[in-house]
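>>> generate a structure from the sequence data that follows.
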Amino acid sequence: MEQEAIHQLWQILEDSEHPESNTFQVTITEHVARVAKVSEALRAYPPVLEEKVLGGKTRDLDTLVNLLATADDSTFPLFQPTRALVGKTLVMAELNLWRLLRHICKEAQKGGIDVSAVQETIDDRLFGCVFTLLAEEVLGLIGMDEKLEIKLRTRAVTHLVDAWGNFHQWAPRKYFPLLQATWDARRRVHVSGGTLMGMGEVLRLLQSGCDPEFVDFFSRENLVEDEQLAFQEFLIGVTTEQLSSLEQTMQEEGRTSFSREEAQAALELDPRARGAGHPGVRAFQFFRERALAAAARRMLDLAGPKKTAEEYVMIYFLEQQAD
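Presented below is the predicted three-dimensional model:
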């Protein structure tokens, strides 16, 4: 499908009379060749756990789990196998290729060229790269969490090893359809951000095709406060600290809701900055903002969710996997 979409866009440009069609074709050729070289570099490294013994040192899944448990968010890359780092580079190279193709489509459209036949595939592949990076991030955070049961961390690292060994085929939509469906739905949701309750957003999330299991998890009776707050962050799109600030402003002004514009103004958010770039890039930024905020709360023992909504869901998934 990927090669077909690229070839199709190439042919559209070939048949067009756009003044820069040849430049676009040359640029596409160069970038595809560069991605191929990164892919070739990845194949030069053996599977992560293939080389198990060297001298008196043994490497297996248990030693990798124990190793990652000594890492944190800042040092995690230092503990990753080289194949994992090269694999992530390949995903980034593919991501940037799809961003380039999306830009070329937009430029071609300005010249009156119909590129609708390939736009959906290009967007789908771009989001696929982003979700691969996100899933790897979530699994890595779980693998590093010493407070979780060893069996859960081992399952998370097992999935990581599988990803590191199969970056050409590995995709969250195959292994974690719940997360994939949730992210797909969340990017189509436009939150009001005014009432802080999030009920309207839950309904819109469901209507957008979100896996009901995700919403069921966050609506169960034994839901703890941190999970609820993490879900609220996920829905509303701002951190717990920002939501608390907004709630305080509401109380001071004797109001029960804000419009989206009023909420952004109260939080001093620039809607142009938050809306800039490709939605896939914003999805990654959205996750990282919450992940870093959660890490700060864990480190400083502050109030608020200590994990992202995606982490809580993934932990639930890994527990269900055992059952």
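>>> can you report how many residues lie near Lys174?
Per other C-beta atoms under 10 Å, the neighbour tally for Lys174 reads 9. Every residue, glycine included, has its C-beta placed from N, CA and C.
>>> tell me the helices and strands packed up against the helix or strand where it lies.
Under the criterion of DSSP states H and E, Lys174 resides in helix 172-175. Under the contact criterion of 3 or more C-beta pairs under 8 Å, 6 or more residues apart in numbering; DSSP states H and E, helix 172-175 touches helix 116-144, helix 177-186.
>>> can you check which of these gets nearest to Phe167?
Proximity to Phe167 (C-beta to C-beta) singles out helix 116-144 among the helices and strands packed on helix 172-175, at 7.9 Å.
>>> contact partners of the helix or strand just after the closest one?
Helices and strands here follow DSSP H and E; after helix 116-144, the next one along the chain is helix 150-165. Applying C-beta atoms under 8 Å, 6 or more residues apart in numbering, the contact partners of helix 150-165 are 47-49, 61-62, 64-65, 68-69, 80-81, 83-84, 87, 132, 135-136, 139-140, 142-143, 145, 170, 175, 314-315, 318-319, 321-322.
>>> what angle sits between helix 150-165 and helix 116-144?
Taking axes from the mean of the first three to the mean of the last three C-alpha atoms, to 10 degrees, one finds helix 150-165 and helix 116-144 inclined to each other by 140 degrees.
>>> on that earlier part again, in the helix holding Lys174, what counts as buried?
Neighbour counts over helix 172-175 (16 or more other C-beta atoms under 10 Å) mark Pro172, Arg173 as buried.
>>> what do you get for stretch 301-312?
Counting neighbours by 16+ other C-beta under 10 Å, stretch 301-312 gives Gly304, Pro305, Lys306, Lys307, Thr308, Ala309, Glu310, Glu311, Tyr312 as buried.
>>> this structure - how does it break down into domains?
Annotated domains of the chain cover 1-172, 176-323 [automatic domain parsing].
>>> what about the nearest residue to Glu146 once chain neighbours are set aside, neighbour count?
Setting aside the residues directly before and after it, Glu146 is nearest to Ala69 in space (C-beta to C-beta, 6 or more residues apart in numbering), at 5.1 Å. Ala69: 16 surrounding residues under other C-beta under 10 Å.
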